[in-house]
Each structure stands twice: as C-alpha cells, then as structure tokens.
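Undergrad: Attaching a predicted model along with its sequence, questions to come.
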Amino acid sequence: KVSPMTAPAIQARKNGEKICCMTAYDYSSGVIADSAGMDLVLVGDSLAMVVLGYEDSLSVTMDEMIHHVRATRRGVKNALLVADMPFMSFRTVETALENAGRFIQEGGARAVKLEGGVPVVPQIQALTDAGIPVMAHIGLTPQHVAKFGGFKAQGKSVEAAKALIEDAQAVEAAGAFCVVVEAVPVEVAQLITDAVDIPTIGIGAGNVTDGQVLVYHDVLGLFDRFTPKFVRKYAQQGKEAIEVFGQYINDVRLGRFPGDKNTFYLSDDVAAQVRK
Ligand code: KIV
Ligand code: NA
C-alpha cells in the first residue's frame with residue numbers, strides 16, 4: 001500500500017523527482033487523478049469556470065468550494081489534497097484562518113492554496129502557525145485579473161521579475177511548503193526556482209520548475225471556451241463524448257438500444273403464468 005502524500009514529503013522533493021499535480025473537483029475526477037499516481041490533487045477555484053460555468057474564478061464561494069472538496073476527498077486516497085482559497089476568503093488573517101479551517105475540518109483537505117506574494121505573508125504565517133500547510137501562488141494570479149487587465153504573462157520587465165523573486169522568498173520565509181508559479185517567462189521561473197529552497201510548481205513557467213500542475217478539463221479536452229498557451233491537451237474527451245452520445249441517440253431512435261444483454265427477462269414458467 002502506498003502511504004498518503006504529505007506536505008513535508010512534497011517539500012522534500014526540491015530538486016528531486018518532479019512533483020506531478022492535477023486539479024480535480026469531485027469524487028470521480030479525484031479517483032482518476034489519484035489512480036494515475038498524482039503527487040498532489042488541487043481542488044482549484046478554476047472549479048468556477050470548468051465545472052460551474054462562471055465567466056471567471058471570482059464568483060465561486062467558500063460553500064461551493066467546500067461542497068467539491070468534500071466530494072474530491074472521497075476519491076483521493078494517496079495524493080496530497082489541497083483546497084484553493086477563493087477570492088476574498090483570505091482578505092484578513094482572521095478570515096483566512098476561519099476559511100482554511102473549514103477546508104480542513106469540513107472538507108478533509110490536508111493543505112490550502114492561496115494567491116499572492118508579499119501582501120499575503122501574514123496570512124501564510126498565521127495558517128502555518130495554526131498547523132495548516134500552505135501552497136503559495138505567484139505570477140499570474142487569476143483572482144487579480146481585473147488589476148492585470150487580462151490573463152497576461154507576468155514578470156516580463158526587470159522590476160517585475162525582481163518583484164516575483166521577492167514574492168517567492170517572502171512566501172518561503174512565511175512558511176509555505178511549495179509555491180505555484182503561473183505564466184512567467186522560463187528565465188524568471190529558473191531564477192525563482194534557484195532563489196528558494198521550497199519546490200516551485202509551474203503552470204506556464206517552462207520546464208525548469210520542481211513540478212507541474214494543469215487543469216483536469218484542459219488536459220482531457222473537456223473545456224473548450226479558451227485554452228491557454230501553456231496547456232497540452234492530451235485527449236479530446238469532450239468531442240469524443242459528443243460522438244458517443246450521438247451513437248446512443250441513434251441506437252435509441254432505431255430501436256437498437258437496449259439490447260438483449262441490457263434487458264431483464266422473467267423465467268419461462270413465471271412468464272407463462274403471468275400471461276394467463
Ligand atoms: O484554480 C486552479 O486550477 C489553479 C491551478 C491552475 C494552479 O489555481
Ligand atoms: Na486557482
């Protein structure tokens with residue numbers, strides 16, 4: 001039996017075997033990600049877009065997140081289960097403690113993720129002190145999309161690159177056990193990775209980080225509204241499902257489904273008596 005992954009075990013993989021992370025949002029996606037051997041499963045606030053159909057991630061609430069963390073918990077046996085703190089759920093140290101506590105107690109998560117660098121140091125510190133491992137998230141932080149003016153790569157100027165390195169060092173000093181680095185030039189991702197002793201988990205940060213994370217629906221081709229440059233679609237399951245459902249519709253209309261194998265029959269004597 002494989003022992004369940006822990007935050008310290010993830011942290012110890014710095015410069016070691018690459019850390020493989022995937023999002024999941026419910027029991028069945030949790031089972032699939034976990035069975036594949038993911039080290040870490042994140043119930044991301046990308047839930048808002050890929051599962052709940054919101055425009056962006058700003059609308060999803062703590063209650064909605066908890067509902068999905070609980071479902072995912074039932075499917076994930078070995079990977080470290082991390083819950084993503086939604087917009088405004090960690091605006092103060094107190095709200096961060098209360099909401100992260102709910103993810104652990106009600107949701108069954110073993111760690112939380114929150115967006116931001118230097119500005120959220122007090123929250124990361126307080127959660128870590130409370131015994132809640134924190135995955136930080138810097139670079140393109142989608143909860144700040146209005147401030148960035150769109151989903152654009154970050155850290156592209158000298159000042160911006162240096163600010164990202166400072167963010168990484170600040171979240172490390174505050175106690176984060178790893179840090180997601182999203183949508184930054186690979187050279188900057190390398191500098192960040194070299195500047196901290198905690199693992200960097202890249203998404204759109206090139207192949208120099210200590211691990212990678214992608215969104216479940218992007219990898220499987222289940223979400224077509226937009227696809228960032230950093231996604232590799234390994235399958236077209238949305239397209240395949242539409243084709244398969246088309247076959248089912250056709251079979252039903254033509255009377256080819258259900259077949260014998262899908263049908264219950266009475267035993268011969270009961271059938272004879274019942275017809276009398
Ligand atoms: O919400 C999410 O899915 C994320 C990952 C892409 C890091 O934050
Ligand atoms: Na997120």
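TA: Yes, it's here. Residues are numbered from 1 along each chain as shown. Ligands and ions are numbered 1, 2, ... in the order given.

Undergrad: And the pLDDT at Ser3?
TA: pLDDT, Ser3: 71.

Undergrad: now it: how far from ligand 1?
TA: 25 Å (CB to the nearest ligand atom, to the nearest Å). Where C-beta positions appear, they are placed from N, C-alpha and C, glycine not excepted.

Undergrad: What ranges does the stretch 101-250 of the chain have for its strands?
TA: 111-115, 134-139, 178-182, 200-203, 211-214 (DSSP state E, counting those that start in this stretch).

Undergrad: ok, stretch 210-224 near ligand 1 or not?
TA: Yes: Stretch 210-224 comes into contact with ligand 1 (CB under 6 Å from any ligand atom), by way of 213, 215.

Undergrad: where does this protein dip in pLDDT?
TA: 1-2 (pLDDT under 70).

Undergrad: Close to ligand 1: what parts of it are there?
TA: Close to ligand 1, as judged by CB under 6 Å from any ligand atom, the chain has residues 23, 42, 44-46, 84, 180, 203, 213, 215.

Undergrad: how does it look with 8 Å?
TA: Listed as neighbours of ligand 1 in the chain under the rule CB under 8 Å from any ligand atom: 21, 23, 42, 44-47, 57, 84, 113, 115, 137, 142, 180, 182, 201, 203, 213-215.

Undergrad: ok, the nearest residue to Ala126 once chain neighbours are set aside - contacts?
TA: Residue nearest to Ala126 in three dimensions, not counting chain neighbours: Val93, with 4.6 Å by CB to CB, 6 or more residues apart in numbering. Neighbour list for Val93: 122-123, 126 [criterion: CB atoms under 8 Å, 6 or more residues apart in numbering].

Undergrad: quick one: stretch 93-101 to chain centroid distance?
TA: Chain-centre distance of stretch 93-101: 20 Å, with CA atoms, centre = their mean, to the nearest Å.

Undergrad: how deep is the residue in the chain that ligand 1 sits nearest to tucked in, by neighbour count?
TA: Proximity of the chain to ligand 1 (CB to the nearest ligand atom) peaks at Gly44, 2.4 Å away. Around Gly44 there are 30 other residues, counting by other CB atoms under 10 Å.

Undergrad: got it, and Tyr248?
TA: By other CB under 10 Å, the burial measure for Tyr248, its neighbour count, is 11.

Undergrad: for Ala241, same thing?
TA: The burial count for Ala241: 12, using other CB under 10 Å.

Undergrad: for it, what are its contacts?
TA: Contacts of Ala241 (CB under 8 Å, 6+ apart): none.

Undergrad: who's in contact with Ala174?
TA: 121-122, 124-125, 128, 134, 136.

Undergrad: same deal with Val118?
TA: 166-167, 170.

Undergrad: Name only those of the contacts of Ala174 that count as buried.
TA: Neighbour-count burial (16 or more other CB atoms under 10 Å) is assigned, among these, to 121, 124-125, 128, 134, 136.

Undergrad: got the contacts of Val118 as a markdown table, with neighbour count columns?
TA: Putting those into a markdown table (neighbours: other CB atoms under 10 Å) gives the following:
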| residue | neighbour count |
| --- | --- |
| Glu166 | 15 |
| Asp167 | 26 |
| Ala170 | 20 |
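
Undergrad: For this protein, just list every one of the helices.
TA: Shown for the chain, the helices assigned by DSSP state H span residues 7-11, 27-36, 47-50, 62-75, 93-105, 121-129, 145-148, 158-174, 186-195, 216-220, 237-253, 268-275.

Undergrad: Tell me which residues are up against the third one.
TA: Residues lying outside helix 47-50 but in contact with it, judged by CB under 8 Å, 6+ apart, are 25, 54-60, 64-65, 68, 84, 86, 215-218, 222-223, 225.

Undergrad: If anything else comes up later, I'll come back, but that's it for now.
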